[in-house]
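Participant: only geometry, no sequence info:
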């Protein structure tokens, strides 16, 4: 009962509504409300501010929510450990990834599920800041993001590959077909880029800024798919990480052109630093250590570049 009460409390925190929390927990609203009241009676404090509807948590309740997240996390780890003792690792591996790394995630999840067929994957696309916040709150097990972020101090990190950027084009003009393009060459083209709030766009903007030029951005989007379709169908150009080339039929659809100076950033896995990492997280981490992603992605450039 105690673990269910903890999960009810966390569901209420996430939804901010008794009815939606009950629905998420597959129980009736009176059952959820009663369970939380019993938890308050057992602990001897008021956790929830109540009126005709949910009004938030008390100051003491907010502090207890942090412990509730830890308890729920430890309970899940305990179940995973028990399953692993029976050689049947099960559970849900929760991964957060910045949008430009989503194409990379299957290279980790496929061997994980092949090695441990009893596990499920929950993958969420997040900005770097939200990814870090959810790791801190035990809402994620692993994150795939840039490793140069100073906010990652104190996290466990595993470098996976050095991301290299290329210019994506449908039918590049003859003047662009050379060994490598300068950022000044690229700035003159009609570009479609990710939106300014995304970290990858900020890196690209910094490269143009360092070159002392302003790019001709005619379309912005938060979708990698939209970038590709506008290159393929609208004659625009885009600057993308070379890991994304695995998504495109390079020989027939689009062309990748290298850039100088090269824009490169390190990508890797991050996780909360813990004395006893959760078994699922540990299993995925071990598999990731044996992935040779750098060679895989660099070879895509060799195949795609004119």
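Facilitator: Structure's in. What do you need? Just so we're clear, the structure is a prediction, and the values are computed from it rather than from any experiment.
Participant: how close does residue 138 get to residue 278?
Facilitator: 10 Å (Cβ to Cβ, to the nearest Å). In this view, the C-beta of every residue, glycine as well, is placed from N, C-alpha and C.
Participant: now the common contact residues for those two.
Facilitator: Shared contacts of residue 138 and residue 278 (Cβ atoms under 8 Å, 6 or more residues apart in numbering): residue 73.
Participant: neighbour count: those two, which is higher?
Facilitator: Ranked by neighbour count (other Cβ atoms under 10 Å), residue 138 and residue 278 place residue 278 first, with 25 against 20.
Participant: with adjacent residues omitted, what lies nearest to the more buried one?
Facilitator: Distances taken as Cβ to Cβ, 6 or more residues apart in numbering place residue 77 nearest to residue 278, at 4.3 Å, with adjacent residues excluded.
Participant: can you tell me the SS state at that neighbour?
Facilitator: The local conformation at residue 77, judged by DSSP: H, G, I helix; E, B strand; the rest coil, is helix.
Participant: give the contact list for it.
Facilitator: So residue 77 contacts 276, 278, 279 (Cβ under 8 Å, 6+ apart).
Participant: in helices only, show me the residues you listed.
Facilitator: Within these, residues falling in helices by DSSP state H are residue 279.
Participant: any chance of the contacts of residue 77 in a markdown table, plus distance to residue 51 and pLDDT?
Facilitator: Listed next are these as a markdown table, based on distance: Cβ to Cβ, whole Å; pLDDT from 0 to 100:
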| residue | distance to residue 51 | pLDDT |
| --- | --- | --- |
| 276 | 41 | 79 |
| 278 | 38 | 85 |
| 279 | 43 | 86 |
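Participant: tabulate the contacts of residue 77 (TSV), appending distance to residue 192.
Facilitator: Below are these laid out as TSV (distance: Cβ to Cβ, whole Å):
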residue	distance to residue 192
276	46
278	40
279	43
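Participant: what helices or strands is the top strand by length along the chain leaning on?
Facilitator: The longest strand of the chain (DSSP state E) is strand 156-169. With contacts defined as 3 or more Cβ pairs under 8 Å, 6 or more residues apart in numbering; DSSP states H and E, strand 156-169 has these neighbours: helix 199-210, helix 224-234, strand 238-241, strand 255-260, strand 264-271, helix 279-289, helix 293-304.
Participant: could you give me the buried positions within the first one?
Facilitator: Under the neighbour-count criterion of 16 or more other Cβ atoms under 10 Å, helix 199-210 has 199, 200, 201, 203, 204, 207, 208 buried.
Participant: go on, stretch 133-143?
Facilitator: Using 16+ other Cβ under 10 Å as the test for burial, stretch 133-143 gives 134, 135, 137, 138, 139, 140, 141, 142, 143.
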